[in-house]
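Participant: quick one, what's the 3D model for this:
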Amino acid sequence: MPPVHTEFTSDATKLLADYQKIIDAQSKQLAGQQQVADASKRSAQEHEHWAESQLGHLKGLVAGYLSVHGALELVTRALEHKYELERKSAEKQIEFANAQAGLIRNIVAFTPAEQQRYLSAVPRISSATGLPAPQVAQLLGAAAASGGNTLSINTGISAAELAARVAPDSPEEALQLTQGILAAARATGLEGEGDVRKNLGAILNIAGQSRGTSIGLVAENLIPAAGALRNFGDTFEQGAALASASTFPFEDAEGRRTRTATIAFGQDLQKFLPELGSTFERIQYLQQNAESREKFLDKATFETFAAEPFKQLLRDPSSNFAKSYLALATGGIPLASGSGPQVDKMLDLLNSQPVQQTARLKRTLGVGEEGLLTDATELAQSGAYRESLEKVMQASGAGWLQTKLSQASFAADVDVWGKDPQAVYRSYLGSRMRELRYETFIGDDPDAPQKARNIEELLERLARIAEEHKDLDASRKPAVITDPAER
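Facilitator: Purely as a prediction, here's the structure:
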């Protein structure tokens, strides 16, 4: 097969300066190694092949101190460290971006000032609690959705922050607590920002009297049950008493079955005895009136796990279920309005433990480290351009060495010379397109027409990539929050 001739162009002096800067920066960080000797300023003569030219410059740069292999290893080690930081930064930013997008979707109907309060609360709560920013954004998004129009912005934000303080190592439980606190606020009527601790205290009260093993699940299931029973005339505490007591005969540690069964039970009782004021009164009446009780039980439809316990509750006031319910409904569940101090005591006890202090310090430092990566948007965007350039070089048939040197040169342009990564990326695309465009096929190569078509298709793809990045600067500008009414 006749030889294929490819012409490449390069700026030798520029690449020499780039590699000098990279090696100078890295040599300061290599403990125990002698400072790099005065770099040679001699430029290698222009070589016919692009890759040979780069190696020639590299030899001149480290002559008398490092071999070509050693120089490449030094540069590669430095660049791989930078590439790893770029990848980590991009991963953290994508994770946070997804969570932030969920928050923004939930606050889009708010005023610009309210939106800003939610957005600015993310780094503040994350720093104060040690909960990573993506998880904090999720909590605030849930608070915005759960609060609706009935609860204030401050109440929602305070609920999310308190949940993060109570469960910083369990994002799932913190999310359940955020929603549970706000559900309790509506159920108890304690809807102010200063009532957030009282509502968490109400959750703790119910958790302490139920079979539940997770305050997050108690918040998710038993609080809504207690709130729903208010629709049938009960106080929040009376509804909580039935839900808490029911978890034991139902053998329900999670509270999900209890939630559905107690709400259905309360609804059936209201339909049967609408003249009485509450579920508590209706249960007491049926316990004392056998004829009415049996009529109700004949008509009632219970879930299998709830049938026998509810029948026992109504037929046998001396049963453990009945006695537990009565005790809880008549003062066993403390009033939510007086439950705030319980939360303060719990947090004081939690924060006073040495191992908790160590864990909190570790979380806080971790959040700071993640914050650096999340905030390093230029680093991540530079990495995205560099990875794209690598794929373009490989897809266009560049060899391993040419691809690696293009990566190093890109890093030098951006990190050493401070050039805009988008502009450098487009410049490299243009250079690669010119290299391919001038590639010719001579002699009697039967595959030359197909190779030419392949190259032409590749050129078109590269042109489209360059065009897609043409207006990227505009999309990278900070978003401006405007009032929905003005749009």
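Participant: any low-confidence regions in the stretch 101-250 of the chain?
Facilitator: Residue ranges of the stretch 101-250 of the chain with pLDDT under 70: 148-150.
Participant: 90 instead, please
Facilitator: Low-confidence segments of the stretch 101-250 of the chain (pLDDT under 90): 109, 123, 126-134, 145-153, 168-171, 187-194, 212-214.
Participant: and the helices in it, which stretches?
Facilitator: Listed in chain order, the helices of the stretch 101-250 of the chain (DSSP state H, counting those that start in this stretch) span 112-129, 133-147, 153-166, 171-188, 196-209, 215-217, 223-229, 236-246.
Participant: check which helices and strands the very next helix or strand once past the last one is in contact with.
Facilitator: Heading C-terminal from helix 236-246, the first helix or strand you meet, by DSSP states H and E, is helix 256-272. Helices and strands touching helix 256-272, by 3 or more C-beta pairs under 8 Å, 6 or more residues apart in numbering; DSSP states H and E, are helix 223-229, helix 236-246, helix 279-288, helix 290-299, helix 304-315. Every residue, glycine included, has its C-beta placed from N, CA and C.
Participant: any buried residues in helix 256-272, and which?
Facilitator: Going by neighbour count (16 or more other C-beta atoms under 10 Å), the buried part of helix 256-272 is 257-259, 261-266, 268-270, 272.
Participant: which among those gets closest to Thr364?
Facilitator: Nearest to Thr364 among the buried residues of helix 256-272 is Arg259, at 36.1 Å by C-beta to C-beta.
Participant: hang on, that closest one packs against Ala225?
Facilitator: Yes - here Arg259 reaches Ala225: they are 4.5 Å apart, a contact under C-beta atoms under 8 Å.
Participant: what touches both of these two?
Facilitator: Common contact partners of Arg259 and Ala225 (C-beta atoms under 8 Å, 6 or more residues apart in numbering): Ala243.
Participant: ok, back up a step: would JSON lines of the buried residues of helix 256-272 with distance to Ala306 and pLDDT be doable?
Facilitator: Supplementary listing: those in JSON lines, determined by distance: C-beta to C-beta, whole Å; pLDDT from 0 to 100:
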{"residue": "Arg257", "distance to Ala306": "8", "pLDDT": "95"}
{"residue": "Thr258", "distance to Ala306": "9", "pLDDT": "96"}
{"residue": "Arg259", "distance to Ala306": "11", "pLDDT": "96"}
{"residue": "Ala261", "distance to Ala306": "4", "pLDDT": "96"}
{"residue": "Thr262", "distance to Ala306": "8", "pLDDT": "96"}
{"residue": "Ile263", "distance to Ala306": "11", "pLDDT": "96"}
{"residue": "Ala264", "distance to Ala306": "8", "pLDDT": "96"}
{"residue": "Phe265", "distance to Ala306": "7", "pLDDT": "96"}
{"residue": "Gly266", "distance to Ala306": "12", "pLDDT": "96"}
{"residue": "Asp268", "distance to Ala306": "11", "pLDDT": "95"}
{"residue": "Leu269", "distance to Ala306": "13", "pLDDT": "96"}
{"residue": "Gln270", "distance to Ala306": "17", "pLDDT": "96"}
{"residue": "Phe272", "distance to Ala306": "16", "pLDDT": "96"}
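Participant: helices and strands around the host helix or strand of Met393, which ones?
Facilitator: Assigned by DSSP H and E, Met393 belongs to helix 377-395. With contacts taken as 3+ C-beta pairs under 8 Å, 6+ apart, helix 377-395 sits against helix 68-107, helix 400-411, helix 421-437, helix 448-468.
Participant: let's see the shortest one as PDB, backbone CA atoms only.
Facilitator: Going back to what we said before, that points to helix 400-411. Provided in PDB are the C-alpha atoms of helix 400-411 (Å, rounded to 0.1, in the frame of the first residue of the first chain):
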ATOM      1  CA  TRP A 400      -1.500   8.200  21.600                       C
ATOM      2  CA  LEU A 401       1.400  10.600  21.900                       C
ATOM      3  CA  GLN A 402      -0.200  13.300  19.800                       C
ATOM      4  CA  THR A 403      -3.300  13.100  21.900                       C
ATOM      5  CA  LYS A 404      -1.400  13.200  25.200                       C
ATOM      6  CA  LEU A 405       0.700  16.200  24.100                       C
ATOM      7  CA  SER A 406      -2.400  18.100  23.000                       C
ATOM      8  CA  GLN A 407      -3.800  17.500  26.400                       C
ATOM      9  CA  ALA A 408      -0.700  18.800  28.100                       C
ATOM     10  CA  SER A 409      -0.500  21.800  25.800                       C
ATOM     11  CA  PHE A 410      -4.200  22.600  26.500                       C
ATOM     12  CA  ALA A 411      -3.600  22.500  30.200                       C
END
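Participant: how is the chain divided into domains?
Facilitator: 4-66+376-475, 101-270+325-354 (automatic domain parsing).
Participant: tell me which of these sits most buried.
Facilitator: domain 101-270+325-354 (a mean of 21; mean count of other C-beta atoms under 10 Å).
Participant: on that earlier part again, farthest pair within the buried residues of helix 256-272?
Facilitator: Spanning the widest gap among those are Arg257 and Phe272, at 22.3 Å by C-beta to C-beta.
Participant: any regions of the stretch 301-450 of the chain where pLDDT drops low?
Facilitator: 301, 334-342, 344, 346-450.
Participant: sorry, back to before: redo the helices and strands packed on helix 256-272 as JSON lines? Include distance to Ala408.
Facilitator: Shown next, in JSON lines, are the helices and strands packed on helix 256-272 (distance: least, C-beta to C-beta, whole Å):
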{"stretch": "helix 223-229", "distance to Ala408": "58"}
{"stretch": "helix 236-246", "distance to Ala408": "65"}
{"stretch": "helix 279-288", "distance to Ala408": "74"}
{"stretch": "helix 290-299", "distance to Ala408": "81"}
{"stretch": "helix 304-315", "distance to Ala408": "67"}
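Participant: and of those helices, who's closest to Leu379?
Facilitator: The nearest among the helices and strands packed on helix 256-272, by C-beta to C-beta, is helix 223-229 at 43.6 Å.
Participant: who are the packing partners of the closest one?
Facilitator: With contacts taken as 3+ C-beta pairs under 8 Å, 6+ apart, helix 223-229 sits against helix 171-188, helix 196-209, helix 236-246, helix 256-272.
Participant: dump those to TSV, plus distance to Leu350.
Facilitator: Written out in TSV, the entries for these read as follows (distance: least, C-beta to C-beta, whole Å):
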stretch	distance to Leu350
helix 171-188	14
helix 196-209	12
helix 236-246	23
helix 256-272	27
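Participant: and Ala142, which of these is closest to it?
Facilitator: Here helix 171-188 is closest among those (C-beta to C-beta), at 5.2 Å.
Participant: what packs against that closest one?
Facilitator: Helix 171-188 packs on helix 133-147, helix 153-166, helix 196-209, helix 215-217, helix 223-229, helix 236-246, going by 3+ C-beta pairs under 8 Å, 6+ apart.
Participant: mind running it again at 6 Å?
Facilitator: Here helix 171-188 is seen to pack against helix 133-147, helix 153-166, helix 196-209, helix 215-217, helix 223-229 when contacts are counted using 3 or more C-beta pairs under 6 Å, 6 or more residues apart in numbering; DSSP states H and E.
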